[in-house]
Structure formats: structure tokens, C-alpha cells
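Trainee: with the input below, show me the fold.
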Amino acid sequence: MQLSETFEQMDAYLERSLLRPDPVLEAIAENSEKEGLVPHAVTPLQAEFLAFLIRITGARRVLEIGCLGGYSAVAMARALPADGYLLTTEIDTRTAKVAQANIEQSGFGDRIDLQVGPAMQVLEREQARGTAFDFVFIDADKVNHKNYLERALTMARPGTVIVADNIVRAGTVLDADSQDNSIRGVREMLAYAETLDGVEMTALQTVGAKGYDGMALFRVAA
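Mentor: Numbering: from 1, shown residues only. Got it, this is the predicted structure:
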């Protein structure tokens with residue numbers, strides 16, 4: 001058995017053992033696939049990990065950069081209190097249309113605000129309004145990973161947790177000479193992280209149905 005097959009089978013085993021049937025997220029995944037969206041959504045285990053973090057931190061205002069089909073947005077919105085709010089962004093209008101339909105069908109549309117357009121423009125607009133967030137999930141184009149983290153930190157409160165996805169990319173991020181824009185974007189974010197003060201940081205390398213990758217985690221010190 002190849003190692004990648006072990007990753008996938010282990011993911012499936014852990015899902016069966018630790019998670020319960022989830023018709024809401026399953027419907028989002030099925031509809032996103034039917035509509036031909038790229039299969040870049042987080043896994044069920046990762047979605048629950050994000051929800052765990054939101055519950056543990058007591059977050060009430062969440063920012064997601066990169067919505068895709070709405071899978072992770074709904075998973076996180078369900079972890080919020082009844083008066084919680086999640087802002088998510090999506091640059092592609094067709095993808096956003098699918099995501100909005102998925103969000104409405106989930107029953108959590110009242111907690112989720114999907115804004116369509118370049119994420120940096122949305123963030124600039126929200127920052128000008130003085131919007132602040134308790135939890136941020138960065139999962140959009142990796143070219144702007146550093147820019148997203150930098151902007152998220154300006155919109156954070158003491159105790160805000162920021163999660164940046166896809167920072168390992170099967171180990172290719174080790175290549176300092178890579179011309180791949182996604183790899184360069186992640187490396188720029190990690191280089192920027194080295195300069196930060198007053199921010200607690202760590203990372204998790206992950207394996208599973210989506211292969212070998214990882215997340216960086218940041219917490220603004222109180």
C-alpha cells in the first residue's frame with residue numbers, strides 16, 4: 001500500500017470514529033462537486049478542528065478569506081453563538097453563486113455574509129469601517145498569504161486567533177528557489193512571521209485525504 005493510500009484510509013477511519021453523520025456539510029460537498037468547483041475545501045476533520053478552535057476561544061466575529069463552496073464557512077458559523085457573525089470572501093462570481101446557495105440551504109445564512117470580489121478590497125473596506133475579528137481563517141490564493149496575514153493582524157483584537165492553510169504544500173515550500181507563485185507566497189508569509197512581535201505562533205503539519213500539507217497558527221497576545 002502506498003503512503004498516500006494510508007493517509008486517505010486513516011482519514012476515513014478517524015472520520016468514522018470521531019465524527020457523526022453531517023447531512024448539512026455532506027450536501028454542501030455534493031453540490032459543490034456537482035457544480036464542478038475545484039476540490040480544495042477542507043476535510044471534515046479539518047472543518048471540525050476549525051469549529052473546535054472557535055468554540056474554545058469563544059470567538060463571536062469570524063473572518064474567512066476564501067469561501068469556495070461554503071463548506072468551511074458553514075462549519076465555522078455553526079460553532080458561533082446565536083448572535084455570531086462570519087464574513088467570508090470569494091473572488092469568482094460563479095463560485096460565489098454556488099456558495100451562496102449552499103449557505104442558504106444550510107440554515108445558517110443569517111450568520112454568514114458572503115462578499116464577492118478581491119479579498120484585499122473587501123478587507124480594506126472592512127478595516128476602514130473599524131471592523132475587528134476574533135478568529136480568522138486564511139484559505140485563498142497563496143500568492144497573497146503574507147498580505148492577508150498582515151491585514152488580518154491590523155483587524156485583530158488581543159486573543160484573536162489566525163489560521164493560515166496550505167503552508168507545507170507537500171514539502172515544496174522548502175525550495176527557496178522555486179518560481180511557483182503559491183510557494184513563494186507562503187515563504188513570504190513565513191518570512192514576515194519572523195519579524196512579528198506580540199504574536200504567538202506555531203504550525204501543524206498534516207496528512208490525510210488531501211495529501212501532505214499544514215497550517216500556521218497565530219494568536220495576538222493579550
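Trainee: going forward, measure contacts between C-alpha atoms and count neighbours the same way
Mentor: Fine.
Trainee: dump the residue contacts of residue 141.
Mentor: Residues in contact with residue 141 (Cα atoms under 8 Å, 6 or more residues apart in numbering) are 66, 182.
Trainee: what's the weakest-modelled helix or strand in the protein?
Mentor: One helix or strand of the chain scores below all others by mean pLDDT, DSSP states H and E: helix 3-18, with a mean of 94.
Trainee: that one - contacts with which helices or strands?
Mentor: Using 3 or more Cα pairs under 8 Å, 6 or more residues apart in numbering; DSSP states H and E, the elements in contact with helix 3-18 are helix 44-57, strand 199-208, strand 211-220.
Trainee: chain center to that helix: distance?
Mentor: How far helix 3-18 lies from its chain's middle: 21 Å, per Cα atoms, centre = their mean, to the nearest Å.
Trainee: list the buried residues for that helix?
Mentor: Residues of helix 3-18 classed as buried by neighbour count (16 or more other Cα atoms under 10 Å): 7, 11.
Trainee: by how many degrees do that helix and helix 44-57 diverge?
Mentor: For helix 3-18 against helix 44-57, the angle by axes from the mean of the first three to the mean of the last three Cα atoms, to 10 degrees is 50 degrees.
Trainee: quick one: average pLDDT of whatever helix or strand comes next after helix 3-18?
Mentor: Next in sequence after helix 3-18, counting helices and strands by DSSP states H and E, comes helix 23-34. What helix 23-34 shows for mean pLDDT is 97.
Trainee: pLDDT weak spots in this protein?
Mentor: 1 (pLDDT under 70).
Trainee: still on that earlier bit, and the angle from the least confident helix or strand of the chain to strand 211-220?
Mentor: Going by the same axes, to 10 degrees, helix 3-18 makes 60 degrees with strand 211-220.
Trainee: helix 3-18 versus strand 199-208: what angle between them?
Mentor: Computed by the same axes, to 10 degrees, the angle separating helix 3-18 from strand 199-208 equals 110 degrees.
Trainee: and the strand or helix carrying residue 186, what's buried?
Mentor: Following DSSP H and E, one finds residue 186 within helix 181-193. Neighbour-count burial for helix 181-193, with 16+ other Cα under 10 Å as criterion, is recorded at 182-190, 193.
Trainee: angle of it against strand 211-220?
Mentor: Using the same axes, to 10 degrees: helix 181-193 against strand 211-220 is 30 degrees.
Trainee: any figure for the gap between residue 73 and residue 103?
Mentor: Here the criterion is Cα to Cα, to the nearest Å. By it, residue 73 lies 8 Å from residue 103.
Trainee: and for these two, which residues touch both?
Mentor: Shared contacts of residue 73 and residue 103, defined by Cα under 8 Å, 6+ apart, are found at residue 112.
Trainee: so which bits of stretch 108-118 are buried?
Mentor: 108-109, 111-116.
Trainee: cool, and stretch 211-222?
Mentor: 212-220.
Trainee: need those residues in TSV with distance to residue 66, can you?
Mentor: Formatted as TSV, the buried residues of stretch 211-222 follow (distance: Cα to Cα, whole Å):
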residue	distance to residue 66
212	20
213	17
214	17
215	15
216	16
217	17
218	18
219	20
220	22
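Trainee: looking at those residues, spot the one nearest residue 130.
Mentor: residue 220 (17.5 Å; Cα to Cα).
Trainee: quick check: the closest one touching residue 197?
Mentor: No: look at residue 220 against residue 197 with Cα atoms under 8 Å: they stay out of range, at 9.3 Å.
Trainee: on that earlier part again, between the buried residues of stretch 211-222, which sits nearest residue 163?
Mentor: Nearest to residue 163 among these: residue 217, at 4.7 Å, using Cα to Cα.
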